[in-house]
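Colleague: What shape does this take:
(chains A, B, C and D)
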2 protein chains.
Amino acid sequence: MNYSSELLKGTLKTIVLKLLADNKKMYGYEITQRVKGLTLNKIQITEGALYPTLHSLEADGFVTTETEFIGKRVRKYYSLSPTGKTKTKEKVSELADFMETMKFLLDIKTKTT
Amino acid sequence: MNYSSELLKGTLKTIVLKLLADNKKMYGYEITQRVKGLTLNKIQITEGALYPTLHSLEADGFVTTETEFIGKRVRKYYSLSPTGKTKTKEKVSELADFMETMKFLLDIKTKTT
DNA sequence: TCATATACATTTGTTTCTTATGTATCTTTG
DNA sequence: CAAAGATACATAAGAAACAAATGTATATGA
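Modeller: Model prediction:
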């Protein structure tokens, strides 16, 4: 089982930033596998979502990259920049706050009628 | 303050369904005000988002409508259908599950390097 | 050798929202 | 009493963030 696709929207960037904050450097494919493993296959990040996200984070200066060769195959590592670390804290705490709000909304038993 | 807009994506339908489950019947404008009030202005549902969502829920048979006139002004009430009630439980529990997963992902302190 | 996994990337949708616009009535306030 | 703001519906155009599909290439295991 995995979640209906619309739920991931808006959280992917935060997930990626948080993983980079916890792991110093990671490459794209590794990120997809890590998330898949950590969430027991519930969240599967597609390549069409991940790579544009990583490129966008790089364009915004939140991550830096270094290319490494494993045999003949290229591997592109991503690391947080100083502003990226600040951004990560903001995004994570915003998402945590949002989840608290959602939890409250989903639990309410208000009666008006 | 309010959340960056992308966070609401994917949760709006669930919020609406849950409100209807708790309140028997509500009209569109009322829903926007209720959410605004309950979340202390953190979540403001726009009309361009809400009405298409309500129409979509109706088209899918999850809600039924009844029109009422307050003076000369029309007011359209929405109520959950039986399948809508089932759908609500599904969506709410899926979102709750997703939030648990996200909470876990955001708290991890895995070290690999 | 052939399927699967690893690893990057882009293109073309689709969904779901925001912003803007439109219509109309009701209420409050200077 | 006029004008602003609130109530109440709706749709259209555009943006954002994904999924799905496609492409290229190397490595590995059966």
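
Colleague: C-terminal to the strand or helix carrying A:K18, what's the next element?
Modeller: Using DSSP states H and E, A:K18 sits in helix A:12-23. Toward the C-terminus, helix A:12-23 is succeeded by strand A:25-27 as the next helix or strand (DSSP H and E).

Colleague: averaged over its residues, what pLDDT does that next one have?
Modeller: Taken as a whole, strand A:25-27 has an average pLDDT of 97.

Colleague: Could you check how far the helix or strand that that strand is followed by is from the centre of its chain?
Modeller: Later in the chain than strand A:25-27, the nearest helix or strand by DSSP H and E is helix A:28-38. Taking Cα atoms, centre = their mean, to the nearest Å, one finds the center of helix A:28-38 at 10 Å from the center of the full chain.

Colleague: For helix A:28-38, list every residue counted as buried.
Modeller: A:28, A:30-32, A:34-35, A:38 (16 or more other Cβ atoms under 10 Å in any protein chain shown). All C-beta atoms are positioned from the backbone trio N, CA, C, and that covers glycine.

Colleague: and what of stretch A:55-73?
Modeller: If you call a residue buried by 16+ other Cβ under 10 Å, then stretch A:55-73 has these buried ones: A:57-58, A:62-63.

Colleague: can you check stretch A:81-92 too?
Modeller: Buried-residue list, stretch A:81-92, by 16+ other Cβ under 10 Å: A:81, A:84, A:87-88, A:91-92.

Colleague: Any part of it near chain B?
Modeller: Yes - Stretch A:81-92 reaches chain B (Cβ under 8 Å from any Cβ of the partner chain) through A:V92.

Colleague: Contacts for that stretch, please.
Modeller: For stretch A:81-92, the external contacting residues (Cβ atoms under 8 Å, 6 or more residues apart in numbering or on different chains) are A:13-14, A:17-18, A:20-21, A:57, A:61-64, A:80, B:106.

Colleague: for that stretch, what is the average pLDDT?
Modeller: Averaged over stretch A:81-92, pLDDT sits at 96.

Colleague: now it: how far from the chain's centre is it?
Modeller: Worked out by Cα atoms, centre = their mean, stretch A:81-92 lies 12 Å from the chain centre.
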